[in-house]
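Visitor: need a structure here:
(one chain, ligands or ions: 1)
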Amino acid sequence: MILPTSSSRYSRRRFLRQLVGAGALAATGLEPLLAGDVPATPQPFRFAFVTDLHLIQNGALRSADGIAACLTAVEKLDPRPEFILVGGDLVHVARDLTVTQAEESLDLFLKIWNDHTSLPAHWVFGNHDLVGTSNPSVLPGDKHYAKGLFRDRFQLPNLFYSFDHLGWHFVILDDIDPLPNRSYIGELFSDELQFLRADLDAHRTIPTIISCHIPTLSNLPMELSIAHAISGRPTPPLKNPKSLVCTNAQDLFADLPGHNIRAVLSGHLHFLENLTQNGIPFVNCGAVCGNYWHGPMYGCPEGFGVVDLDADGSVAFDYHPYGWKA
Ligand SMILES: [Fe+2]
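Guide: This is a model prediction of the structure:
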């Protein structure tokens, strides 16, 4: 098994949370003791937000070369990022593959990753990372079915977790809900929301960045609907709108006031949006693969995000095309 390069900075806090549960952790009073892990003031630093890489099976459509080129560009950034936040969809349509095929795809991805970057990484789960959920030949009992392979390869018992880095707090959420009809919707889970509330309450004064794969806020579906209506085409373009934007995003929004949220980063739409709601920037980043390795998506070129955090708690997001030509 090829292990990813990963940071262990969040390990103690995450381990304790997983051990006793977020709510129980707060109740035990352990959280104030752990606050000593965090510098008193936020430090300035840079990280890269790299999302929607979509390695095609066996590296087809030059996807393996494209991911390598992206990572090479990330490594050349000056100043160098402290880590890479990976926004999900590492591989392409693993839900249609067998478990063996999905394992081969993710392991090829990890080989490319480890061959081209030594930066620590933190991983968000994407809908394309689901294994076998649309393949009738795959048994749901397989340990690598659905989210099992991702959990295993990245050693993540939970796909929602948090970590701290240089006085900043990061919350990683999983909003991929596979349905019995073999599709999926964007949804945050009840235990995850419970974790989120406890986690935000425990880090109320620390500048915090949240990331999930499917956006919680986007104008794109409405833009596409309006453009479609104007065009007069007979078939609606949005076959599954519940898969485009998180369906219970209002539960996340309800938890944000009174906390120190500085940005919410997502991927999924392969289209760059920078929206602001109640003073909080919601950035939906363009994709490393653009339009699934067929060129730009709605004019958004293949690229990744460069995020510069300042000591005053401000966040600057810059989209960085890496010059890929499909
Ligand atoms: Fe994607």
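
Visitor: Residues of the chain that sit close to the ion?
Guide: 52, 89 (CB under 5 Å from the ion). Any C-beta I mention is one placed from the backbone N, CA and C, and that applies to glycine too.

Visitor: just the strands in the chain please.
Guide: 45-50, 84-86, 121-123, 161-165, 168-172, 176-178, 184-186, 208-211, 261-266, 273-277, 280-284, 303-309, 315-321 (DSSP state E).

Visitor: how about the fifth one: buried residues?
Guide: What that stands for is strand 168-172. 168, 169, 170, 171, 172 (16 or more other CB atoms under 10 Å).

Visitor: In contact with the second one, which residues are there?
Guide: The neighbourhood of residue 169, defined by CB atoms under 8 Å, 6 or more residues apart in numbering, consists of 38, 162, 163, 203, 206, 207, 208, 209.

Visitor: Repeat that for residue 105.
Guide: By CB under 8 Å, 6+ apart, the neighbours of residue 105 are 55, 57, 91, 92, 94, 97.

Visitor: cool, residue 95 as well?
Guide: With CB under 8 Å, 6+ apart, residue 95 has these contacts: 127, 128, 130, 131, 132, 133, 134, 135, 178, 182, 184.

Visitor: Cross these against helices and list the overlap.
Guide: Nothing among these maps onto helices, per DSSP state H.

Visitor: can you tell me which of the contacts of residue 105 lies nearest to the ion?
Guide: Of all those, residue 92 has the smallest distance to the ion: 8.3 Å, by CB to the ion.

Visitor: quick one: the closest one and residue 54 touch, right?
Guide: Yes: with contact taken as CB atoms under 8 Å, residue 92 and residue 54 are classed as touching, separated by 4.3 Å.

Visitor: Give me the common contacts of the two.
Guide: 63, 128, 289, 292.

Visitor: How about the contacts made by the first one?
Guide: Right, residue 63. Contacts of residue 63 (CB under 8 Å, 6+ apart): 53, 54, 55, 56, 92, 289, 293.

Visitor: so the last one makes contact with residue 59?
Guide: No: in this structure, residue 293 sits apart from residue 59 without contact. The criterion is CB under 8 Å, and the distance is 10.2 Å.

Visitor: These two: who's more crowded?
Guide: Applying other CB atoms under 10 Å to residue 293 and residue 59 shows that residue 293 carries more neighbours, namely 23 against 17.

Visitor: Grab the nearest non-local neighbour of that one.
Guide: residue 61 (3.9 Å; CB to CB, 6 or more residues apart in numbering).

Visitor: With residue 326 instead?
Guide: residue 295 (4.3 Å).

Visitor: So the one you found is in contact with residue 324, correct?
Guide: No: taking contacts as CB under 8 Å, residue 295 lies outside contact range of residue 324: 9.2 Å.

Visitor: Please say which of these two ends up with more neighbours.
Guide: residue 324 (21 against 13).

Visitor: ok, the more buried one - contacts?
Guide: Taking CB under 8 Å, 6+ apart as the test, what residue 324 contacts is 66, 69, 70, 290, 301, 302.

Visitor: rewinding a little: return the distance of the residue nearest to residue 293 relative to residue 255.
Guide: 40 Å (CB to CB, to the nearest Å).
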